[in-house]
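Visitor: Got a predicted model here, sequence first, then my questions.
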Amino acid sequence: MKQKVTRRNMLRILPFFFVFSSLIAFSILPSTTAWNYIHLPLINNLWPGEPDLRSPLLITEIMYDPPGHEPGHEWIELYNRGFESLNLDNYKIGDSETAGDLEGMYYFPQGTIINPGQVIIVANQGSLFAQYYGFLPDFEFSDSQESIPNMVKDKTWASGNVNLNNGGDEILLIDQENALLDVISWGDSTHAFNPPIPLVDEGHSLERKPADYDGNQAVDWSDQSEPQPGKVDLIPPIPTATKTATFPSQSCENAAISISEVMYAPGGAPEPQGEWFEVFNWGDSSIDLGCLIIGDEEMAGGGEGMLAFPLGSNILTGEVVVIANQAEVYYSIFGFYPNYEIIDTRPDIPDMDKFTIWASGNVLLSNDGDDLLILDKDDHLIDAVSWGNSNYAFAPSVPVVDAGHSLERRPANQDTDSAIDWHDQSGPNPGSVDLDPTAPPPSPTNTSTPTPTLTQSPPIPDLVINEIHADPHSDHGDANSDGDIDVFDDEFIEIVNNSQNSIDLGGWSLGDFSETRHTFPSGSVILPGCGVVIFGGGEPDGSFGNSLVQVASSGKLSLTDSWEVVSLYNTSAAEVSSYTYGEEGNDNQSITRVPDITGEAPLVKHSIAPGSNGSLFSPGTKIDGSSFLGCSD
């Protein structure tokens, strides 16, 4: 039966082992107070494997992949395992591991005290936390409710916000002298632990168990399928078997399959989110991909990554399949979705499984040198490529390529186990292969270059997502002009009809990759050259350039400030228009096409767009505030 210590209460019962260890700590620590901890420099040099009795304040639970709005539903829990109250003046917490970066670091409000045995919760948005858990958190990063004290951004440390990355990130707890008290990392971040804590499913939290023990290792943390913020568990967990992918019984030792293209240095996209690789079946029969694994870890037990295909996956003869790190980022570059993705961004794209029997880490392709290999279930090497400073597959390895270029095998059905099989592809073309054996090898004097398909601008759709406002300014963010500034109500999406005909959007829907946010009511007709603006909520008050104005039917748009997908669907649920944005959406203003309607991606921050005169948004109008041509009186 779990022993729980609830939030805001003094610690009444301590396990015997904790009392005993604390008494030992009293006798060995060089201080008149047992919990006068030793300061640690802000660097990854904690003492792994040894119980840490130095800091009484610990991070005990985090929710980085909530089932609702991100980052709005994210939260962090802290626990004072000591015997004295702590004044948290000038203590800070955040995901910025290096001073001066673009992540977030926040102070506790002056006068904050945490008592012995007390648990406190810092939520991203307290109102969302309260809706989900039924009580208010102690603090919040984003001001959503006046009764919840706000954390204070430390702009001298970091300029961004705390927005926890589902694929890998870290949280640091730092004292008033910038000494590191506690740190945790998961997924593809090895800042705190190497190997880091494995990823958990959406809606699960990471929980320290027992909450009063800090061995400075990933094993201190457990996957909590039923998060209970405000409570800590002081009973050590019972070890359980690790869930891993398994192979089918058949062998693929002689599978006629090869790696045909690798994008390890994506241009114009973040890393590793924009990475992808391609495999090709050049044989005369289909292959059950379930008997293969692929990744960048060449030694069993290593800390890099190896992935298994979902059970039932097949690749037909002559077929090419693409595995992307994140399907949505891939789509934003190429305009179509991959066959598989490593990090779950779309429910309709199958996810690769971490094959932890072989490797404990993640597939993160190094630009300076790395390798990618395919193994069968009996550990036989099927294919491999190495580049840069890695000589795993062959020596010399394939030379490194520029950002935005890929490595392509040509012809795709040739394998001489040498670097000459590969060439620098300046115009990556995932999903297709080149079988021409007469193609000239790359050389400095070769003047013939492939035509990059990505340099051709896609045709402008009839309905253009022209402006997106995901991050309203706390002082100047009243985009819907209703007199109130609200983090949700003042979000908006602007769509313009670029066709020569009126379009009836009745029954159409607007959403992100997780759910529908708005369904257009009957009679939602957009005239040619005019637009519609959909606000998150409130009571929009204004002409908005005579554009059609609506409020999200779900009650909120719930746009994530960074890395969100906005999609418009017709009555047949077919995607008509879509746009994916990144960190540019997280700057207290909208992002917009420049010029309006015809501007290519990426969208530009509104205040720096030509003609904006520094304005932060222009819902329903052009950048300069004038009406769209079809909306004019």
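Guide: Now that the structure is in, tell me what you want to look at. Residues are numbered from 1 along each chain as shown.
Visitor: The closest residue to I120 other than its chain neighbours and A130: what is the separation?
Guide: The shortest distance from I120 to any residue other than its chain neighbours is 4.3 Å, reached at D138 (Cβ to Cβ, 6 or more residues apart in numbering). All C-beta atoms are positioned from the backbone trio N, CA, C, and that covers glycine. From D138 over to A130 the distance is 12 Å, taken as Cβ to Cβ, to the nearest Å.
Visitor: Give me the more crowded residue out of these two.
Guide: Taking other Cβ atoms under 10 Å, D138 and A130 do not tie; D138 has more neighbours (22 against 18).
Visitor: sorry, back to before: could you report the separation of the residue nearest to I120 from D182?
Guide: For D138 relative to D182 (Cβ to Cβ), the value is 17 Å.
Visitor: Show the backbone phi and psi for V398.
Guide: Per-residue torsions, V398: phi -70, psi 130 (degrees, to the nearest 10).
Visitor: And N314, by the same measure?
Guide: Torsion angles, degrees, to the nearest 10, at N314: phi -130, psi 160.
Visitor: Could you report the neighbour count for it?
Guide: When neighbours are defined as other Cβ under 10 Å, N314 has 13 of them.
Visitor: Repeat that for F394.
Guide: Residues near F394, counting by other Cβ under 10 Å, number 19.
Visitor: And S502, by the same measure?
Guide: The burial count for S502: 12, using other Cβ under 10 Å.
Visitor: So for P137, what's the pLDDT?
Guide: On the pLDDT scale, P137 is placed at 94.
Visitor: residues contacting it?
Guide: W75, I121, V122, A123, G126, F129, A130, I148, P229 (Cβ atoms under 8 Å, 6 or more residues apart in numbering).
Visitor: want to try CSV for the residues you listed, with pLDDT as columns?
Guide: Converted to CSV, these look like this (pLDDT from 0 to 100):
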residue, pLDDT
W75, 95
I121, 96
V122, 96
A123, 94
G126, 90
F129, 91
A130, 89
I148, 93
P229, 93
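Visitor: Could you export these to a markdown table, including columns for secondary structure and distance to E202?
Guide: Shown next, in a markdown table, are the contacts of P137 (DSSP: H, G, I helix; E, B strand; the rest coil; distance: Cβ to Cβ, whole Å):
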| residue | secondary structure | distance to E202 |
| --- | --- | --- |
| W75 | strand | 15 |
| I121 | strand | 20 |
| V122 | strand | 21 |
| A123 | strand | 17 |
| G126 | helix | 21 |
| F129 | helix | 17 |
| A130 | helix | 20 |
| I148 | coil | 25 |
| P229 | coil | 16 |
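Visitor: I only care about the residues you listed that end up buried; give me the PyMOL line for that.
Guide: Command for PyMOL that selects the buried part of the contacts of P137, burial taken from 16 or more other Cβ atoms under 10 Å:
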select buried, resi 75+121+122+123+126+129+130+148+229
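Visitor: Next one: the spatially most central residue of the chain relative to L172, how far apart?
Guide: What sits nearest the mean C-alpha location of the chain, by Cα atoms, centre = their mean, is N165, with 4.1 Å. As judged by Cβ to Cβ, N165 and L172 stand 14 Å apart.
Visitor: likewise Q550?
Guide: In terms of Cβ to Cβ, Q550 sits 42 Å off from L172.
Visitor: Surely E491 and H473 touch.
Guide: No - contact between E491 and H473 fails when scored by Cβ atoms under 8 Å: they sit 11.8 Å apart.
Visitor: if we can go back for a sec, for the residue nearest to I120, what are phi and psi?
Guide: phi -80, psi -30.
Visitor: ok, back up a step: tell me which of Q550 and L172 has more neighbours.
Guide: Neighbours per residue, other Cβ under 10 Å: of Q550 and L172, the larger number sits with L172, 22 against 19.
Visitor: And the pLDDT for S481?
Guide: 95.
Visitor: Over to A308?
Guide: For A308, the model assigns a pLDDT of 90.
Visitor: Would you mind measuring from it to T356?
Guide: Noted for A308: a distance of 10 Å to T356, by Cβ to Cβ.
Visitor: Please say which of these two ends up with more neighbours.
Guide: Each of A308 and T356 has its neighbours counted (other Cβ under 10 Å); A308 has more, 25 against 17.
Visitor: Spell out the secondary structure type for the nearest residue to H73 once chain neighbours are set aside.
Guide: Nearest residue to H73, sequence neighbours excluded (Cβ to Cβ, 6+ apart): P66, at 3.4 Å. Look at P66: counting by DSSP: H, G, I helix; E, B strand; the rest coil, its state is coil.
Visitor: Make sure P66 is actually in contact with V200.
Guide: No - counting by Cβ under 8 Å, P66 does not reach V200; the two are 11.3 Å apart.
Visitor: how about the closest residue in space to A470 that isn't next to it in sequence, what does it touch?
Guide: Excluding the flanking residues, the one nearest A470 by Cβ to Cβ, 6+ apart is L559, at 3.7 Å. L559 makes contact with I468, H469, A470, D471, E491, I493, D512, G536, V566, G585, according to Cβ under 8 Å, 6+ apart.
Visitor: Of these - the most surrounded one?
Guide: Greatest neighbour count in the contacts of L559, by other Cβ under 10 Å, goes to H469: 30 neighbours.
Visitor: Let me see the contact set for the residue nearest to that residue when sequence neighbours are not counted.
Guide: The shortest distance from H469 to any non-neighbouring residue, by Cβ to Cβ, 6+ apart, is to S590 (3.7 Å). Going by Cβ under 8 Å, 6+ apart, S590 touches E467, I468, H469, A470, A479, F492, K605, H606, L616, F617, S618, P619.
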